[in-house]
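*Asks:* Quick one, what's the 3D model for this:
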Amino acid sequence: MKLNPIISIAGCNYCNCAIGIIKISLGNSELIFKKIIKTIFKKKYIFPRLATFSKIYINNKEIDNGIVLYFPSPNSYTGETVIEIQTHGNKYIQNAIIKFCIAKFRKYKLRIAHKGEFTKRAFLNKKLNIYDLKKMYNIINYNTNNLTSDRYIKQILKKLFRTILYLENISNFSNATNKKIKTVLFNFLNFLKKKKKQFIFLNINKANIAIVGNVNSGKSTLFNLILNKNRSITSEKKGTTTDFISHSVVINGKTVILHDTAGLRKTNNPTEQLGIKKTIEIIKKSNIIIYIVNKKQNLKLKNISKKPIIYIKNKIDKTKKKKIFNNKKLLYISCLKKIGISKLKAEIFNNLNKCQIDIINTKKFLKIIKLLKLKTRLCLNSNILLDSYIYFLKKKQKQLCDIFNFKKKSIINKLFKSFCIGK
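*Replies:* Okay, the predicted model is just below:
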């Protein structure tokens, strides 16, 4: 396969920063390496995998100085010869270098890289496999705030605190205008409308069920079987699942959220450690735990003593049955032969009644949001006094903290942590 050379800024290319990195992957055109070194750095040779300080030239004029790194093929990220230029992070300098390179080496078909093209070339040159790509995607897109509706509740409490603080400050000054007050109230009203829609969309009345266990115990296969579709990647290779995957499914007429999680084991791999951390977070937030056990199982799950746990033994087509595991009854299944799946679904259905899904709290929350919107509209129309409205907000803030067991102090501390140093 013929691959043309590509060039790109690695990272942010629309703002100034301390360090800017430009990467060039030469594809099949390795002959231009010497010409790039000679034209941009005025050097005859650069030692591979050694950081070399150099001045940077455009049209024989020095525009910056920095560090250049040279990785000969196949010992590079893309598997091709790669040049990495580290300059000061001025976007004008970086863009000037790129434009000069494209114009100077046009006959070699040097062009700007597409999004993710360096990684794509690493995949094409067999430097990365599909599992490496999945792990990389999980690391880049990792966000612990995507787990539960707690995030939205905390955001509302923070916004409520900010609004109270702002309105109290405004009311203390005689020169405060109605326009300022109405702007604050209008923004708060729009915020409530948006957050109510997000909260309803989360479907927090649905039970969360986590499938957990050791690596390569059949969690992803079981996840796909319950969903009746190939939603999660399965493989005999250990550590295939490095991030949780969630999907809604109807079990005996009840809709639940099912989570496939990363395998729990001791590891020094940072990607797996990240996945295990998220698995523990999922376990804490789930209402039911499906625990796949095996003979090497020595794991201790914390903070789940009050939660229903379904202990299952997978791959019974390969192993001998055992009556108990840690004095808990085992449910025997085989994901490969599809044995015992209907019994597992029945067990899940029976345990759904034990879940502490707080529908009453949800109704209380939605009622408070409705009252906040109503009172905010009344205050906008000057039908209630500002002091009365602030008192009402404080009262509802306390109610929300009580309903969802949030401490006001922790909300305020997190709010102040978001400020910059010295503010």
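*Asks:* what's in contact with the longest helix along the chain?
*Replies:* Identified as the longest helix of the chain according to DSSP state H is helix 178-201. The contact list for helix 178-201, computed with C-beta atoms under 8 Å, 6 or more residues apart in numbering, reads 149, 152-153, 155-156, 159, 163, 166-167, 170, 365-366, 369, 372-373, 376-377, 379-380, 386. From N, CA and C alone the C-beta is placed, and that goes for glycine too.
*Asks:* count of residues packed around the closest residue to residue 27 other than its chain neighbours?
*Replies:* In space, and not counting its chain neighbours, residue 27 is closest to residue 3: 3.7 Å by C-beta to C-beta, 6 or more residues apart in numbering. Residues within reach of residue 3, counting by other C-beta atoms under 10 Å, total 18.
*Asks:* Could you do residue 337 as well?
*Replies:* A count of nearby residues for residue 337, using other C-beta under 10 Å, gives 12.
*Asks:* Using the three-state scheme, assign the residue nearest to residue 27.
*Replies:* Assigned by DSSP: H, G, I helix; E, B strand; the rest coil, the conformation of residue 3 is coil.
*Asks:* Quick check: phi and psi on it?
*Replies:* Residue 3 adopts backbone torsions of phi -120, psi 120, taken as degrees, to the nearest 10.
*Asks:* And it, how far from residue 109?
*Replies:* From residue 3 over to residue 109 the distance is 10 Å, taken as C-beta to C-beta, to the nearest Å.
*Asks:* Then residue 212?
*Replies:* Distance from residue 212 to residue 109, by C-beta to C-beta: 51 Å.
*Asks:* Ok, residue 211 next?
*Replies:* According to C-beta to C-beta, residue 211 stands 49 Å off from residue 109.
*Asks:* Who has more neighbours out of those two?
*Replies:* Comparing residue 211 with residue 109 by other C-beta under 10 Å, the one with more neighbours is residue 211, at 30 against 15.
*Asks:* From what I see, residue 163 and residue 393 are in contact.
*Replies:* Yes - counting by C-beta atoms under 8 Å, residue 393 is a contact partner of residue 163 at 6.6 Å.
*Asks:* show me where pLDDT drops low in the stretch 1-150 of the chain?
*Replies:* Residue ranges of the stretch 1-150 of the chain with pLDDT under 70: 1, 11-15, 130-132, 134-150.
*Asks:* For it, which segments count as strands?
*Replies:* For the stretch 1-150 of the chain, applying DSSP state E, counting those that start in this stretch gives strands covering 6-9, 17-25, 52-58, 61-71, 82-89, 111-112.
*Asks:* What are the neighbouring residues in contact with residue 122?
*Replies:* Applying C-beta under 8 Å, 6+ apart to residue 122 gives the contacts 77-79, 128.
*Asks:* tell me the contacts of the residue nearest to residue 307 when sequence neighbours are not counted?
*Replies:* Spatial nearest neighbour of residue 307, excluding adjacent residues (C-beta to C-beta, 6+ apart): residue 289 at 5.8 Å. Counting by C-beta under 8 Å, 6+ apart, residue 289 makes contact with 209-210, 212, 283, 301, 304, 307-310.
*Asks:* quick one: buried residues of stretch 395-402?
*Replies:* 396-397, 400-401 (16 or more other C-beta atoms under 10 Å).
*Asks:* Looking at those, spot the one nearest residue 268.
*Replies:* Nearest to residue 268 among the buried residues of stretch 395-402: residue 401, at 40.4 Å, using C-beta to C-beta.
*Asks:* And the strands in the stretch 301-423 of the chain?
*Replies:* Ranges of strands in the stretch 301-423 of the chain, per DSSP E, counting those that start in this stretch, are 309-313, 324-325, 328-332.
*Asks:* and these, which one's lowest on average pLDDT?
*Replies:* Note on the strands of the stretch 301-423 of the chain: lowest mean pLDDT is at strand 324-325, with a mean of 46.
*Asks:* Tell me which helix or strand residue 256 sits in.
*Replies:* Element membership for residue 256 (DSSP states H and E) is strand 254-260.
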